[in-house]
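S.K.: Have a look; sequence and predicted model below, questions after that.
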Amino acid sequence: MKKFVFIFLCCILFLFFICFPHAAVSASKQGLRLWFTQILPALLPFCVLSYVILRSEILPKKFSTCYIVLCGFLFGFPIGCKLTADFYSSNYISREKASALCCFTNNLSPIFVITAIQEILQLPLSPVYVFLIYGIPFLYGMSMLLLYHRTPSSTQKETASRFHMDMQIIDAGIIHGFETLIKICGYIILFSIFCEMLQTLPFPAHWFSLAATGFLEVTNGVALLSTSACTRQIKSLLAVLFLSWGGLSGIFQVSSILHQTGLSLRNYVLQKIILLLLTVGCCIPLLFLGILI
């Protein structure tokens, strides 16, 4: 089944490049521009710094969880997952804790969310959006961490850290950061082409193209939502769902980070779906009450 799906997608991409070469190249440029102007300058310095902090052992292990949660929520996707994978591979955190952390700390950055809601969608930024996009994952994740903390098997032996620093650590951090971000660049370009394909092909219903684009890649989904004829309430609902889900592109990026750690991608996807359902469950009554507008 996987082989059939892979061959089918390759054929679709190949035909799209032949039939719509200008649209395909334009989508590739758009994805590359997004990566070069926003992702690379924002995340590369932090990736290098986090690698240096981890390898120099300057951070005590007991503060690892707090560090991952803080940086994951502040700097946004995919920092939470990347830090979790690195700290787990270095035996700073247990497998159970790593499985929980990578699911709820891997959200979009506050800067991106504010820009998407206020500037792109022209919606008022209220505390309701903050709760739906960040509050629900935080409360869900904290409950999971408390559950694992009470499990005796999840405890991890604390060992003393020995600080050490040299230029080799910094050099390795730079290479490590570029390696991670280049993989992300490839997925952003690939899914930008898929999104352009959905907007180029003549689908009978505009809502299908809109929902599918937001499901695939959040940046293109938000941009398409801003030009749609949806009502203000529906636009608010879809904006929260797109921003909470993060796109299928994000899941593929997470897969490239987790595949060498042994952490379960299936568990990550399952937890993201649970968080999305919880968000939907909170959005519906807020819409009826007129709070989410």
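M.R.: Alright, I've got the coordinates.
S.K.: From Asn107, how far off is the closest residue to Ile291 other than its chain neighbours?
M.R.: Residue nearest to Ile291 in three dimensions, not counting chain neighbours: Val128, with 5.8 Å by C-beta to C-beta, 6 or more residues apart in numbering. Every C-beta, even on glycine, is put in place using the N, C-alpha and C of the backbone. Val128 sits 16 Å away from Asn107, taking C-beta to C-beta, to the nearest Å as the criterion.
S.K.: List the residues that contact the residue lying closest to Leu49 once chain neighbours are set aside.
M.R.: Leaving out its chain neighbours, the residue that sits closest to Leu49 by C-beta to C-beta, 6+ apart is Gly173, at 7.6 Å. With contacts defined as C-beta atoms under 8 Å, 6 or more residues apart in numbering, the neighbours of Gly173 are 47-49, 51-52, 55.
S.K.: Quick check: which element contains Gly173?
M.R.: Under the criterion of DSSP states H and E, Gly173 resides in helix 167-200.
S.K.: next structured bit after that helix?
M.R.: The first helix or strand that comes after helix 167-200 along the chain, using DSSP H and E, is helix 206-216.
S.K.: coming back round to it: out of the contacts of Gly173, which are inside helices?
M.R.: Of those, the ones assigned to helices by DSSP state H are 47-49, 51-52, 55.
S.K.: Make a PyMOL selection of the buried ones in those.
M.R.: The PyMOL command for the buried members of the ones in helices among the contacts of Gly173 (criterion: 16 or more other C-beta atoms under 10 Å) is given here:
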select buried, resi 47+48+51+52+55
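S.K.: any weak-confidence spans in the stretch 1-150 of the chain?
M.R.: Judged by pLDDT under 70, the stretch 1-150 of the chain has its weakly predicted residues at 1-2, 149-150.
S.K.: any idea how far the residue sitting nearest the centre point of the chain lies from Ser244?
M.R.: Against the mean C-alpha coordinate of the chain, by C-alpha atoms, centre = their mean, the closest residue is Phe77 at 4.1 Å. Taken as C-beta to C-beta, the spacing of Phe77 relative to Ser244 amounts to 12 Å.
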